[in-house]
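Undergrad: build me a model:
(chains A, B and C)
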Amino acid sequence: MVNKIFMIATFVGVPLSVIGTLMHWSSILMFIIYCLTIVALSSFMGRATESLAIVAGPRIGGLLNATFGNAVELIISIFALKAGLVGVVLASLTGSVLGNLLLVAGLSFFVGGVKFKRQSFNVFDARHNSGLLMFAVIVAFVIPEVFSYEMTKGETLSMSVGISIILMALYLAALFFKLVTHRGVYQHSEGGNEHEEEPEWSQKKSLLILVLATLAVAYVSENLVHTFETVGESFGWTELFIGVIIVAIVGNAAEHASAILMAYKNKMDIAVEIAVGSTLQIAMFVAPLLVLISLLFDTKMPLVFTMPELIAMVTAVLLTIIISNDGETNWFEGLTLLAAYLIMGIGFYLL
Amino acid sequence: MVNKIFMIATFVGVPLSVIGTLMHWSSILMFIIYCLTIVALSSFMGRATESLAIVAGPRIGGLLNATFGNAVELIISIFALKAGLVGVVLASLTGSVLGNLLLVAGLSFFVGGVKFKRQSFNVFDARHNSGLLMFAVIVAFVIPEVFSYEMTKGETLSMSVGISIILMALYLAALFFKLVTHRGVYQHSEGGNEHEEEPEWSQKKSLLILVLATLAVAYVSENLVHTFETVGESFGWTELFIGVIIVAIVGNAAEHASAILMAYKNKMDIAVEIAVGSTLQIAMFVAPLLVLISLLFDTKMPLVFTMPELIAMVTAVLLTIIISNDGETNWFEGLTLLAAYLIMGIGFYLL
Amino acid sequence: MVNKIFMIATFVGVPLSVIGTLMHWSSILMFIIYCLTIVALSSFMGRATESLAIVAGPRIGGLLNATFGNAVELIISIFALKAGLVGVVLASLTGSVLGNLLLVAGLSFFVGGVKFKRQSFNVFDARHNSGLLMFAVIVAFVIPEVFSYEMTKGETLSMSVGISIILMALYLAALFFKLVTHRGVYQHSEGGNEHEEEPEWSQKKSLLILVLATLAVAYVSENLVHTFETVGESFGWTELFIGVIIVAIVGNAAEHASAILMAYKNKMDIAVEIAVGSTLQIAMFVAPLLVLISLLFDTKMPLVFTMPELIAMVTAVLLTIIISNDGETNWFEGLTLLAAYLIMGIGFYLL
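TA: Numbers count the residues shown, from 1 in each chain, chains lettered A, B, ... in the order given. Okay, the predicted model is just below:
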């Protein structure tokens, strides 16, 4: 049923996006149309990637998921970079991290926890992910921030490029670790999870949908980016708030839905994998890739967040690690994460 | 015997407080009398609350303990707010957090650890508490600090009010979780702990003592607050040191004593519950309540600590989490916490 | 074979150091000769200390290892202090912490992990060490930094002296805990580790070598310190980079080698003990001792690192704690630590 809604939204949203853009409808109306269209399209991209991943087998499939999982976010960000909106891009990266760790995981734990008293997930994965979160956010994001205070712009950019390469290399190494050398090593006889899955679509159909949806997302994203200024003024939202809260929610809406669904079905391993896995992808793959891509544009993007963005991410990571480190969740842990998201939302709104 | 001393202290201290105030005895003498009287009175309040809690059953009782547990601290703080001493209130909140996490837990672990080689407590409670400490101190206290740098006073206050409401709501949710939905879920057959307790006093007597002691504490606190300036000048203590070290110790002395006693009896679950539970109550209930109450006074109190206060609390929380997360203690862990308290004490003394 | 190389290096390096110094050879050449000579000499000191420790029995032996383990580092630092190079000393302390936690542990985990799929070490020791790392770096190093902003130089120094004494006292208490009151309490029937070891050298020979090597290290260190300025200028290295990366690697090279060797032999308990134990020794014994020793010189050293140094250490400690807290390692965890070291290296190089 959800899929049907997304299909209708796509077949209404894409034409409306094109017509509205050409007819110069009001920015606020277009902003809403663009956002809903992207949410719908990203669900198609997610399903196409998943089908391709099943056909391709676990290794290539894992790689596919890991690279295309945040394609929408990446596309929006590239157009924002092209428009020189470095601040919005950094804000939306922050928003994705916060959204995944606090909002998605929070809703998943809460919704799942209301139905089940205690839910559990693989504690080894939790620890592996904790280490990577610590590395990506607390080492690789904090260090350039603090060091950049005493650096020239050029030095900061050199450092950013260096760190970005290291982040992406370690992300690839993490995939290699998970999909090749230690595949199944930390699984405790959860054989049930490994049953043969049927792809929803054939390989050909998946590829076609993926390409078409990507093109459509690109078209809509490019136009969406140009509505930010007007929308911000109309609603009294800062660029930061648009990036951290709005773009992040739009870019990740489809994922959010499926994580919560999985939690509701008591498949916490998958719910956590979506929330935390997606965070790591943003932090270790999308963010550094955007730093490198920005070198092609006029406005380069250093890996230097604003202090509120950085502190929000650092505290979110610490909270997530503490809450998820025992491999168990309940509704209250979900609520705690949601409360943290709300606190940060208030902060970014007032900033 | 301890109870007898407190009783004598009360029956000597209260009259002396009244007489000394009316006769305008020297501030320093009165400061000492007030402090000792409050310590004695707070022990009566603690015993009365406990008796009421036993009569009322575990749910209402837990709620009672959770709200009246830091009543003395709350009363002193309200009078300090009324006198416009926002700095002292924030300092004494900091001091309560540090005192409970480092001094009380430290002494408990040390004293207990000297007698027993290894002591253990419920690891699920430890993790639940770790999550809340992380949320309250590292998210809810750090975020307003960092965000307030780029905010106007009005925005900072709005943010503080919003965060305060979230903190109190989550605190209530935590009680609901602990006392209702997940009562006993994480208990590992420690049935022995759940034996029927006899209340020390009847319900009527408890209520009477609670009301009388509260009134007396209020009277003494109001006068105590006005001695701070003179005492600070005489001893070379800053407002900060008085708040962080002196008020915090006076306000929590009775609790301190019972936590250490419990550790000595190898009842670590209770000792930890007093130390960490009291910290959470301060951070998630007393502090936000004071922010809201301050709206009634001339000087509003934002939830923004000074940087040394904040960093002291953050490091104390991280240290406590690491040390308590395995559910085991020994004398050395206690000593480590005490050493951290000493370091912070030196810092606040010299500041 | 490694020992033979060190022996040759010593018997070539020491005379060359003396001749070169007297003949005023170029600073860069001498810098290289001094560094290699110190590495070789420190291996002799390590072996002599170990032999003495075996003869002296576990208690005194543990004490010996704990005090002489970083003797080289200490000697270099004292000469740097004497030359007024407080910045280099703080930087090299930082570098030792980073080097041990990230480079040594990282290489050990990686090299061991390439050979063995999963390696494990005593989880109780890991937690004990985590608590101490948290205490030393996150409490005892962070507090003076933050508090010093609002202090005079004199107050900062008083605070530094106070904290240094507390650090050293707690370090001694930790030894007492480990070697006396809780010796073997947390060992899970790993009796195999406790077999009788044969000392490599007799007590007399060990003492003689220790004294001679120490004298030689002292002589070389004094001269090494004076090459820093010229070398820094020639290579475009800052004082900070020399301290954090170069001095730290030279001062700990011998230890590094043996930790990695132990990991390769799957003796992870010893590898971790060398890496983390050495860090704790630096942070809780060498650093505070240097603060106290600096009182004898013209330039006093407060326990106040630069912000980049402090943040690098804090993030390194958090990463190490998360990665080592489960008592298991694999190649990817090693790589993560190495990537963090690389990021910090880039930062310090560009600073």
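
Undergrad: just the pLDDT at the nearest residue to residue A:106 once chain neighbours are set aside, thanks.
TA: Distance criterion CB to CB, 6 or more residues apart in numbering or on different chains; nearest residue to residue A:106, sequence neighbours excluded, is residue A:337 at 3.2 Å. Yep, even glycine has a C-beta here, placed from its N, CA and C like the rest. pLDDT, residue A:337: 96.

Undergrad: ok now do residue A:337, which residues does it touch?
TA: The contact partners of residue A:337, by CB atoms under 8 Å, 6 or more residues apart in numbering or on different chains, come to A:101, A:102, A:103, A:105, A:106, A:109, A:319, A:320, A:323.

Undergrad: among those residues, which ones are in strands?
TA: Members of the contacts of residue A:337 lying in strands (criterion: DSSP state E): none.

Undergrad: between the residues you listed, which sits nearest chain C?
TA: Nearest to chain C, judged by CB to the nearest CB, of the contacts of residue A:337 is residue A:320 at 11.6 Å.

Undergrad: from what I see, the closest one and residue A:106 are in contact.
TA: No: here residue A:320 does not reach residue A:106: they are 9.6 Å apart, not a contact under CB atoms under 8 Å.

Undergrad: now the contacts of residue A:337 in a markdown table, with neighbour count?
TA: Listed next are the contacts of residue A:337 as a markdown table, based on neighbours: other CB atoms under 10 Å in any protein chain shown:
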| residue | neighbour count |
| --- | --- |
| A:101 | 27 |
| A:102 | 29 |
| A:103 | 26 |
| A:105 | 32 |
| A:106 | 26 |
| A:109 | 30 |
| A:319 | 23 |
| A:320 | 30 |
| A:323 | 28 |
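
Undergrad: count the residues that sit near whichever residue of the stretch 101-250 of chain A sits closest to chain B.
TA: As assessed by CB to the nearest CB, chain B sits closest to residue A:117 within the stretch 101-250 of chain A, at 6.3 Å. Counted with other CB atoms under 10 Å in any protein chain shown, residues neighbouring residue A:117 total 11.

Undergrad: got it, and the one 3 residues further on?
TA: Neighbour count for residue A:120, taken as other CB under 10 Å: 14.

Undergrad: so it bridges to which residues?
TA: Note on residue A:120: beta-bridge partners by DSSP bridges are residue A:328.

Undergrad: OK, contacts around it?
TA: Counted by CB under 8 Å, 6+ apart, residue A:120 has contacts A:268, A:327, A:328, A:329.

Undergrad: list the contacts of the last one.
TA: Just to be clear, that refers to residue A:329. A:109, A:112, A:113, A:118, A:119, A:120, A:121, A:268, A:323.

Undergrad: distance check, it against chain C.
TA: 19 Å (CB to the nearest CB, to the nearest Å).

Undergrad: now do the same for that residue: its pLDDT.
TA: So, for residue A:329, pLDDT stands at 90.

Undergrad: equivalent analysis for the first one, please.
TA: pLDDT recorded at residue A:268 is 84.

Undergrad: for the stretch 251-351 of chain A, list the residues in contact with chain B, please.
TA: A:307-308, A:311-312, A:315-316, A:318-319, A:322-323, A:325-326, A:330-333, A:335-336, A:339-340, A:342-344, A:346-347, A:350-351 (CB under 8 Å from any CB of the partner chain).

Undergrad: the residue nearest to residue A:279 when sequence neighbours are not counted: how many residues sit nearby?
TA: Of all residues not flanking residue A:279 in the chain, residue A:100 sits nearest, at 4.3 Å (CB to CB, 6+ apart). By the criterion of other CB under 10 Å, residue A:100 has 29 neighbours.
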